[in-house]
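A.B. asks: coords please:
(chains A and B)
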There are 2 protein chains.
Amino acid sequence: QQFSISFQQPSDCGVDSYFDISSLSCVKCGPNQVSSKSGLACECQTGFRVLVSNGASITCQQCPEANQVVTQDGYGCIHCSGRVGENGKCQCPKGSVLVERDGNGNPLTESRCEACNATEPAFSAPDRTGNRCVRCEDSFINSSQSCVCGSSNVQAGGMCFPSNSLPTSVVPNVIFSQLASSVVSAWFSNFMYSSAAACLLFSNRTACQSLGNMCVMNMHSFSTINNDACGLYNTVYRTTAAQGSSQDISYWRANLPWLYYGDQLGLASRILQSEPLPVGFSFKGAQKNSNIELRAAVYSVRGEFLRWEGIGGGNLQLCPDTPTRQQSAFTFGTAYKQSCVLSVSELLNGYPEPVFYDVFLVIQKPQEDKHLLAVPLLNTKQQFNGQFTNEGSNMNNWLLTRRLMLVDTLSGRQNSLSSSPGVIRVASNIKIGFQLVPNTQKGQVYPPLMTVTYSDIPVTDPSTQTVTVSFSLEYTMDQEEARIKTDIALGVLGGVAVVHSLLKTASWKRRIASPLIDLQTLMKFLVFYAGDLANVFFIITVGSGLYWLIFFKAQLFVSVLLPLPAQEERFVVYVGCAFALKTVQFLHKLFVQLSVDIFFIDWERPRGKASKHVEGSGEAKSQASPVSIWRTYFVANEWNEIQTIRKINPTFQVIAVLFFLEVVGFSNLALRDPSSDLRRSPEAYKPPYSLILRYGVASAMWLCIGLIQMIYFTIFHERFVEDKIRQFVDLCSISNISMLLLSHRCFGYYIHGRSVHGHADTNMDEMNTNLKREAENLCGQRGLLPNSDTQTFQISITNRLRAHYDRIIEPINRRSGPSRLVDASANPCEQSTKAYHTMNRFLGSVLDHAHREMDYIVKDKLLFERLIGMEFIEPLDKSIFYNDDSHSFADVLFYGNEAVLLVFDTLFFCVVDLGSQNFILAAVLTYLQQLVFRLIRNGMGRRNLASKTLVDQRFLI
Amino acid sequence: QQFSISFQQPSDCGVDSYFDISSLSCVKCGPNQVSSKSGLACECQTGFRVLVSNGASITCQQCPEANQVVTQDGYGCIHCSGRVGENGKCQCPKGSVLVERDGNGNPLTESRCEACNATEPAFSAPDRTGNRCVRCEDSFINSSQSCVCGSSNVQAGGMCFPSNSLPTSVVPNVIFSQLASSVVSAWFSNFMYSSAAACLLFSNRTACQSLGNMCVMNMHSFSTINNDACGLYNTVYRTTAAQGSSQDISYWRANLPWLYYGDQLGLASRILQSEPLPVGFSFKGAQKNSNIELRAAVYSVRGEFLRWEGIGGGNLQLCPDTPTRQQSAFTFGTAYKQSCVLSVSELLNGYPEPVFYDVFLVIQKPQEDKHLLAVPLLNTKQQFNGQFTNEGSNMNNWLLTRRLMLVDTLSGRQNSLSSSPGVIRVASNIKIGFQLVPNTQKGQVYPPLMTVTYSDIPVTDPSTQTVTVSFSLEYTMDQEEARIKTDIALGVLGGVAVVHSLLKTASWKRRIASPLIDLQTLMKFLVFYAGDLANVFFIITVGSGLYWLIFFKAQLFVSVLLPLPAQEERFVVYVGCAFALKTVQFLHKLFVQLSVDIFFIDWERPRGKASKHVEGSGEAKSQASPVSIWRTYFVANEWNEIQTIRKINPTFQVIAVLFFLEVVGFSNLALRDPSSDLRRSPEAYKPPYSLILRYGVASAMWLCIGLIQMIYFTIFHERFVEDKIRQFVDLCSISNISMLLLSHRCFGYYIHGRSVHGHADTNMDEMNTNLKREAENLCGQRGLLPNSDTQTFQISITNRLRAHYDRIIEPINRRSGPSRLVDASANPCEQSTKAYHTMNRFLGSVLDHAHREMDYIVKDKLLFERLIGMEFIEPLDKSIFYNDDSHSFADVLFYGNEAVLLVFDTLFFCVVDLGSQNFILAAVLTYLQQLVFRLIRNGMGRRNLASKTLVDQRFLI
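C.D. replies: Predicted structure coming up:
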């Protein structure tokens, strides 16, 4: 292959080759040469000096004379006065320097070892390279007045301390509590004593910070032991009490880092909930202040102050992400959570040493300097006298601290600082929580609390090991008040619901004309109560949803914050209740509608004689010409068709809701952030959804569109395009057919359809003439009473009438029952036609006041009767026909129950969405639900119609 | 506020304060002290020495004796033998070292300056701190045999070169071609000559790399000038021709970095398209190989080899993102594009020095070592003799190069290396392109090409300036073949369409019985052609969509790659054509359906005499009892209702498609990557959508679900639940009403509905008896011909019959025209009823063969006639009734045109989606479209029905 090379890297080249950085391949070294430590060049073997070096290559030569060794620079040969070291070069004893050239740079023939004068006034010791004598470290001079530490002092960490100041035996253990093990840390062994001593004795600030860092690396844990990291910190803290505190903060000792908020439990609530921040947060408007600015003082593990660093841009967020998304964590009110899985090997490479953050919240009041408020830290892995006091949620057991580290790969190194660590510790879960001051109107919050959870990971195979880390911001407020208000509303409305259900039950008892309170009554009451309670739950949940939606999204100054996902459970239960109860009500309605009694009364009388050709005999026989059944068929067919029409278009409803939620983007209102934009950039951070807000948006959208549709259909469509219900009533009138509808035993509806022209069973000429005459007001009015227009009535019938009705209808009903021996002889079909004719005649005569004992009166319903849906007068003697211009017979159709259906659809949609968080799925399932119930209602309704009115099912198409 | 501090930082503390790292505040220094450079501690003022230092604080004291100055270590006082420097300490002349202590570290009372011996054998010069004499740099010794460079040599960059080897005056300009300016770069001024000289004279490898880097920083641009960066590189390249090449690659000179693929234009195609990679890519299966492994040799700007680095994890991807998403760039076949806006200040902080990448593709054949294939680079900003030859798309003008840098903030520094840069250069657009070998079945690709575009940004206000950067991978294949195949298919099918349209036109001419070829004929032909052409476009686009979907997503070894978005335009135009033409066809169909002639023939004859009560006179008059019109109303009403029923449920169709696309996740199949998973993790990288695949998925889904629905409705629903069309035919028969339907002037349909019982206008008893008799096969058959069952016919009527029909219908049609003077006297309503009766009688008698001159015959249609939809026999003498059991009269309803409607809906959905890339919006609009056209068809159809059949609109409900 052209332009292809084989892959080699410096570590692949052997000891006698080097890696040529131009050709990216291994090249042999010259004679007497070996590759250097980096592998990128050659150097002379031990005992060989560089003879010629021209940049690219060198020539090596053994030193000419015996006993000569190569000089430090590698170019010369020299005799050693002292020892020869392992590298083949001269070596001097401790405290001496090696001299190979004189002061003017002329090489000596024999090297010298010069001892550095350690005493006053020289105070000198060899420098780090061992080439010169320079002034030694201050602590040596201070402690021993010499550059030798002396036996009465303690030398540690390159410094010299007077003894007796601190316990010399320290516990250099780092406790990894998750692994139930501890590691003797090389870092602690090397520097713990010296840091503590330098901090205590010399007030060395970096040493103090370094000691504090060790305490942090040991999870701030302290106990009665006083010689582990935090023990030493506390010893120093107590010993230096005389030095006073920094910045007027009593827990912050001068020179020491501030690590603890006191050394007792029980102070946390005083720190977290005593005083709100001086500046309030607001989401919108001119005084918009929704930016959380955090700033940290950053220290290296050695205790050096590195810089002030603004938090954001990924310094606490270990998961990589785009800056825009990462920055959105610091917008007040945006529920932020970022988590990812990191590889241990990347952590080992990226964080060779931990850095430490002292986090502050920047407070910028107008016309004032910046102030910083210390952010307390809750370390869940902290031990207090061996107890994990910070793990629970009881604030009184917490011990708040400061100073945070992210990744510690240092303290777990056991033998030396360059060995690889046995255990690493990662801040796997950092959460910053804000709590709103109760009843604030100005967006006041308490100081934030940072909760950190560290994970201890034993390093076994770094390249495959992973650790899950997350960073989140959480905003809470006291939800107790909202809960109580909801409970009160539930109690009050629940009580009203009981009364309403009792009323309904009473009305129902009246309508079935049964005075007994039996199990059925109880069941009915429960069903009614289910419906009313469902409405209560629905009102409360929609109210809550809208409350949170409006108050959270529209607030200028922050005064409410959303419930956390865990706090939403109660709400979800309420929605579930609403849905379950509404389903009961809906199914009950459906069942009732599928069992109403219907009869079509044909007023048409035969016009004359028809000559009937009797088959077989060939004779023509004259008899009354039959009244055509086709008008009844027509009316029944129309009734069949209007069974499932609704005041809205349900499919359009589903599609429109979906359109507004998903295409226009109203679903973005349900995100847990203060923004009320409908369009979000795809690059922006997308917070999780709030279930309450989703429910609020979805139900509001559903109800709004439903309402708009209802208004459109009522105001415009039914008036100017088509009103199916009115059409049906008109059809009854034109076709000379009345309709009797008994929804209860003694209650129902009556549509008066007696033609004003006397006959309707006629040809096109006459029909057209009739229609024209009526249009020109040339004939009587259609009403039941003379000179009235009222065609529709609610009727309360007497028991007697009902009993008669039942007696006539009996043979028909028996047809659908199991066949019995007693009437096996009779032709069921013939019987039912006979019953039909009997019923037709009977009802016609009742309506014509022909039956004295089953007479009726017509009256208006009282306003109050209308309101509570119950008749005050019991029809004991005469049946009562109540005028009803509002077509309330539609109550036995879908049309008259739009409220129940709409709420049921809304709840169905919302429940599916709460379960799946997917509006599209909710829309699809709602559509299917509507389809299925429409099919059931249509199919069963048709069967009921056919069986009750004796119209053959084949004509109900 | 408790726990709050004011914000101070080291730079805020004045010259006499230091920043206390414990208390994070400024603290005053002691007397005679100033703050140190870092601001974190105090040091003694000039002329003061440290008397006591205890770690935390120091005490300063002026040197006791006059003429004494402070020693270098700051603790002692000393007399100077030489000058006193600006810092108040002793200073020695060049070439000398300062001695303040003797060899044993004892302080001297007076400092000495010792000159270093520069000549052989000492070869010494002061070290960097000026404290000791050490061996000087090799180049000095090599060039001048001394540590002084001498006048005959050139000293540059800390090295000493013999003169005459290179032009001493170099052009240290960096050209920023976008800004049309050049900058005299401090880096180039300092190191360009020395790098070139060291490379050429000493074969110093890092110097060679450094020189190459400068050429890269100057955009690889070369011209006839031989003393700018690339000029020097080329000079060295030519001069060292004798050294041979590295790794057998002729463009790669030993010791030099490989920068160019030759120095002539025109070689690019040989490099890019001569030889495919030895390893093919495959998406799936056991030999899955879809991982692109890139590896880069990374060099610092100084020419040091830093490491081998695997590309990925963000080293070429400047935009931060999660590792998962970033890594998905390197899955073969995934169209990857990541872009973002970076702040200039972040770039300045994050990239103080550029690093350079030599990128290779790792080739890992089974059982072989890793090989690396050099990835050529196309730098669009490269100039070749002043021309931007790489900017065009003509491969023959390209000059390919190697070595890439990302951010260069160094070369733009003008005065010194520590000054801030005037201009920075960013690789704002990096694209890696793979091209498939034509006709490969093994996933072979040519070597990838990396295209880089640099942006030059003049730094004016770094904190607000931004730069947009992007990183993308692109996969292409030769689309010419696919284009040609599409064109061929289009041509062939287009020809077939012409023939088919001609046939249809001929059939239409036959059916309207007009032999003339006039403008109307031409228009009709064009409309038919539009429909056929729409089908052709539809077939081709769906075919292409499915082709790409199946072949791209399902391939094992890569053999096809998706067209780029720019290559999809043609496809979108085809879809647009299909939609536009289909709309024409659909609207035409709709118009034709809304103007058919319909007449219901009532076979019922009066049964007897009815006594009619004549108003006004009070007398009863006997006349033929009228035949009830209600059966006609019923039939017309039913016909009105079946106008818009379809073979599928169109709303269910929309919802189901939406469900499968968005909820089940089929839309993920349209993503530009090889994965065929329906569910994607929300964290995963989401490639852009391919329009072709979106169309393919959507149309396939639409057609599939449509087909399934059609099968369900035909096989199950119509057989076991309800068949509206058959119901209508049955209804005709039961109601004793025939239907004549003339869709063309002389062509139409006839439904024979003469009741087998003679009478249908009867009461319930008789109806039930009739139905029962028919069920028990006790009566004749329903067909037009005796003993046949065929009730539905296609009819070709003679011109004479049609003329008669028109003559009778004339008064009715006139009614809807404007009122004219001539018939102002006649009652239009009466006239039309008269016409109705006349027509009823006339058609009845024609069907009863009562008119000799307008007789008809019944026959079967030939198979071929059926196939091409045209009648061979012209009805000259007798009308012809063709038996038609397949209910083809549904052609004048939506029911019979399901194919057109389904394709129209599909195209509507897809066109909206192509425009908006939003399936939900497409679904919503498709639903609305269906709704609107259904309303139009229903409303206008109802009006047509009423006007043609004289049934009052009020009965069509």
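A.B. asks: ok, A:Gly314 - contacts?
C.D. replies: Neighbouring residues of A:Gly314 by C-beta atoms under 8 Å, 6 or more residues apart in numbering or on different chains: A:Pro320, A:Asp321, A:Pro323, A:Gln326, B:Pro320. All C-beta atoms are positioned from the backbone trio N, CA, C, and that covers glycine.
A.B. asks: recalculate using a threshold of 6 Å.
C.D. replies: Taking C-beta atoms under 6 Å, 6 or more residues apart in numbering or on different chains, we find A:Gly314 in contact with A:Gln326.
A.B. asks: what do you get for A:His752?
C.D. replies: Here A:His752 is in contact with A:Ser738, A:Leu784, A:Gln791 (C-beta under 6 Å, 6+ apart).
A.B. asks: the closest residue to chain B within the stretch 151-300 of chain A: how many residues sit nearby?
C.D. replies: Going by C-beta to the nearest C-beta, chain B is nearest to A:Phe202 of the stretch 151-300 of chain A, at 3.0 Å. Neighbours of A:Phe202 under the rule other C-beta atoms under 10 Å in any protein chain shown: 22.
A.B. asks: next: A:Gly915.
C.D. replies: A:Gly915: 13 neighbours (other C-beta under 10 Å).
A.B. asks: ok, now A:Ala803?
C.D. replies: By other C-beta under 10 Å, neighbour count at A:Ala803 equals 11.
A.B. asks: so it sits in a helix?
C.D. replies: Yes - the assignment for A:Ala803 (DSSP: H, G, I helix; E, B strand; the rest coil) places it in a helix.
A.B. asks: please report how far it lies from chain B.
C.D. replies: According to C-beta to the nearest C-beta, to the nearest Å, A:Ala803 and chain B sit 25 Å apart.
A.B. asks: burial of the closest residue to A:Glu568 other than its chain neighbours, as a residue count?
C.D. replies: Nearest residue to A:Glu568, sequence neighbours excluded (C-beta to C-beta, 6 or more residues apart in numbering or on different chains): A:Leu691, at 4.9 Å. Neighbour count for A:Leu691, taken as other C-beta under 10 Å: 22.
A.B. asks: I figured A:Leu691 hits A:Glu569, correct?
C.D. replies: No - in this structure, A:Leu691 is not within contact of A:Glu569 by C-beta atoms under 6 Å, at 9.2 Å.
A.B. asks: what residues sit buried inside stretch A:856-869?
C.D. replies: Using 16 or more other C-beta atoms under 10 Å in any protein chain shown as the test for burial, stretch A:856-869 gives A:Tyr856, A:Val858, A:Lys861, A:Glu865.
A.B. asks: you'd agree A:Phe161 is in a helix?
C.D. replies: No - if the criterion is three-state DSSP, then A:Phe161 is strand and not within a helix.
A.B. asks: show me the contacts for it.
C.D. replies: Neighbours of A:Phe161 in contact, by C-beta under 6 Å, 6+ apart: A:Val154, A:Ala197, A:Leu201.
A.B. asks: helix or strand for the last one, just tell me which one.
C.D. replies: Secondary-structure assignment from DSSP states H and E places A:Leu201 in helix A:186-202.
A.B. asks: show me where the stretch 451-600 of chain A has strands.
C.D. replies: Using DSSP state E, counting those that start in this stretch, the strands found in the stretch 451-600 of chain A span residues A:466-476, A:597-602.
A.B. asks: what's the most buried one of these?
C.D. replies: strand A:597-602 (a mean of 23; mean count of other C-beta atoms under 10 Å in any protein chain shown).
A.B. asks: and that one with chain B, contact?
C.D. replies: No - Strand A:597-602 is not in contact with chain B by C-beta under 6 Å from any C-beta of the partner chain; minimum separation 9.2 Å.
A.B. asks: for that strand, C-alpha coordinates in PDB please.
C.D. replies: Only the C-alpha atoms of strand A:597-602 are listed here, as PDB (Å, rounded to 0.1, in the frame of the first residue of the first chain):
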ATOM      1  CA  ASP A 597     -87.000   2.000  26.100                       C
ATOM      2  CA  ILE A 598     -87.900   3.500  22.800                       C
ATOM      3  CA  PHE A 599     -91.100   3.400  20.800                       C
ATOM      4  CA  PHE A 600     -92.000   5.200  17.600                       C
ATOM      5  CA  ILE A 601     -95.700   6.000  17.400                       C
ATOM      6  CA  ASP A 602     -97.000   6.200  13.900                       C
END
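A.B. asks: ok, and what's touching it?
C.D. replies: With contact meaning C-beta under 6 Å, 6+ apart, strand A:597-602 is reached by A:632, A:635, A:737-742, A:840, A:843-844, A:948-949.
A.B. asks: and those as CSV, adding secondary structure, neighbour count and distance to chain B?
C.D. replies: Formatted as CSV, those follow (DSSP: H, G, I helix; E, B strand; the rest coil; neighbours: other C-beta atoms under 10 Å in any protein chain shown; distance: C-beta to the nearest C-beta, whole Å):
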residue, secondary structure, neighbour count, distance to chain B
A:Thr632, helix, 26, 8
A:Val635, helix, 26, 10
A:Ile737, strand, 23, 11
A:Ser738, strand, 24, 16
A:Met739, strand, 22, 16
A:Leu740, strand, 23, 17
A:Leu741, strand, 21, 19
A:Leu742, strand, 21, 21
A:Asn840, helix, 21, 10
A:Leu843, helix, 21, 15
A:Gly844, helix, 16, 15
A:Lys948, helix, 19, 14
A:Thr949, helix, 23, 10
